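Asker: Sequence plus predicted model, see below.
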Amino acid sequence: MGSGKRPGGVIAIVGGVLAGLAYLVLPVATVPLLGSITAPSLAGEVGAGGSLALLPLVPVAAAATIGIGLWLWLGSPGSRARTVGASGILLCSVLTALAYLIPLNSLDNEITSAGADIFGISATTFTGTGFWFTLLGAVLAAVGAAVELAGRKRST
């Protein structure tokens with residue numbers, strides 16, 4: 001990319017959009033006989049306690065990822081600023097992943113302690129498409145940040 005533009009910002013934007021949309025509209029959990037649950041309704045029902053405390057940060061992290069990605073792609077940040085931006089995207093990706101993986105681990109522990117795991121039931125039994133697409137978005141954003149960081153090392 002002759003103009004100094006790198007694809008990392010675009011990759012991060014795509015990841016942020018995917019994570020944000022999946023959070024808002026796709027089911028994060030599907031429970032037989034009860035139906036599907038989106039992340040905003042799950043976060044609203046349980047409140048800000050326990051393993052779901054980070055869940056409300058996901059749309060904020062997605063918006064920050066999109067904003068930083070746009071800045072990296074369309075702006076002309078210096079080398080040091082690119083590093084800070086890419087680090088911010090990585091932080092948002094980690095927060096998003098933790099917001100989903102901590103409750104998954106907590107649910108899996110509850111299922112195991114109840115003995116339901118002997119019937120082949122695990123926490124992933126109840127994950128919906130929103131769970132997986134949000135994690136995919138976080139991974140894509142992290143890849144975008146890694147591309148930005150790798151490009152910085154090549155250019156210095």
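Answerer: Arrived safely.

Asker: And stretch 31-44, what's buried?
Answerer: Buried residues in stretch 31-44, counted by 16 or more other Cβ atoms under 10 Å: 37-40, 42-43. Bear in mind the C-beta positions are built from the backbone N, C-alpha and C, glycine included.

Asker: what's the span of that stretch, first residue to last?
Answerer: 17 Å (Cα to Cα, to the nearest Å).

Asker: What is the least confident helix or strand in the chain?
Answerer: helix 39-46 (a mean of 78; mean pLDDT, DSSP states H and E).

Asker: What lies in contact with that one?
Answerer: 23-24, 28-29, 52, 55-56, 58, 130, 134 (Cβ atoms under 8 Å, 6 or more residues apart in numbering).

Asker: Over to stretch 129-146?
Answerer: Taking Cβ under 8 Å, 6+ apart as the rule, stretch 129-146 contacts 7-23, 25-29, 38-39, 58, 62, 65, 69, 86-87, 89-90, 92-94, 96-97, 100-101, 104.

Asker: Just the residues you listed: which are in strands?
Answerer: Those of these mapping onto strands are 27-29, 38, per DSSP state E.

Asker: Reformat those residues as CSV; add pLDDT and distance to S113.
Answerer: Shown next, in CSV, are the ones in strands among the contacts of stretch 129-146 (pLDDT from 0 to 100; distance: Cβ to Cβ, whole Å):
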residue, pLDDT, distance to S113
P27, 91, 25
V28, 89, 22
A29, 86, 19
T38, 87, 27
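
Asker: Now, of those, which are buried?
Answerer: 27-29, 38.

Asker: could you dump these to JSON lines with distance to F119?
Answerer: Below are those laid out as JSON lines (distance: Cβ to Cβ, whole Å):
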{"residue": "P27", "distance to F119": "23"}
{"residue": "V28", "distance to F119": "23"}
{"residue": "A29", "distance to F119": "18"}
{"residue": "T38", "distance to F119": "27"}
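
Asker: List just the nearest of the residues you listed to A81.
Answerer: V28 (34.3 Å; Cβ to Cβ).

Asker: Is it correct that that closest one is in contact with V58?
Answerer: No: using Cβ atoms under 8 Å, V28 makes no contact with V58, being 9.7 Å away.
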